[in-house]
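Enquirer: show me the folded form of this:
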Amino acid sequence: MKKYILILISIAFVACKSGVNIDFRDDFRGVNDAEKKEFLKKNNGLSEERSILLLTQGFKGEKIIVKQKDKNIYSSYPITNLNTRIADYLSFNNQSDIIVYDNYTKQEIVIGTKNAKKYKFIYLKKEYKGEVVKFKITFSNTLRPLE
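Expert: Residues are numbered from 1 along each chain as shown. This next block holds a predicted model:
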């Protein structure tokens, strides 16, 4: 029990330290149900135990690594498409936490299972304010248009 509390405190500390803003939204324009189902099917996301992480604005080709249970599940250099505002996306098992590591800022963003289990789509955005880079996580069940 003490280990669990310590882990939660450390996750909260990391989230505060790295400047992560968290939002919960379903009130933006989304694709229709058929397109959403096709996207989920194509990306192995139909199961209740799967969610989709979408890297959105602010990615400029820096190395991004996503880990789950000490295994790399994603490692790439995503660049945000200025038309779609999407850099890349991946499906992951929402039954355990994932850690997104940005090699440029040396920041780790923890996405916990508590929210990942409730929401199918998790949008991660980088915001530049001068020399400071902050991340914004938006949990949603709405899939934004990707084209």
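Enquirer: list the contacts for N21?
Expert: 134-137 (CB atoms under 8 Å, 6 or more residues apart in numbering). Backbone N, C-alpha and C define where each C-beta goes, glycine included.
Enquirer: wasn't it part of a strand?
Expert: Yes - under DSSP: H, G, I helix; E, B strand; the rest coil, N21 falls within a strand.
Enquirer: measure it to R144 for me?
Expert: 18 Å (CB to CB, to the nearest Å).
Enquirer: all helices of this structure, in order?
Expert: Along the chain, the segments classed as helices by DSSP state H run 2-17, 33-42, 113-116.
Enquirer: what about the strands in this protein?
Expert: Along the chain, the segments classed as strands by DSSP state E run 20-24, 50-55, 64-68, 71-76, 88-93, 98-102, 107-111, 121-129, 132-140.
Enquirer: the third one packs against which elements?
Expert: Using 3 or more CB pairs under 8 Å, 6 or more residues apart in numbering; DSSP states H and E as the contact criterion, the elements in contact with strand 64-68 are strand 71-76, strand 88-93, strand 98-102.
Enquirer: quick one: neighbours of the closest residue to I111 other than its chain neighbours, just the number.
Expert: Computed as CB to CB, 6 or more residues apart in numbering, the closest residue to I111 that is not its neighbour in sequence is I98, at 5.0 Å. Under the neighbour criterion other CB atoms under 10 Å, I98 is assigned a count of 23.
Enquirer: which residues touch I98?
Expert: I98 neighbours (CB under 8 Å, 6+ apart): 53, 66-68, 73, 92, 110-111, 116.
Enquirer: thanks again, I'm all set now.
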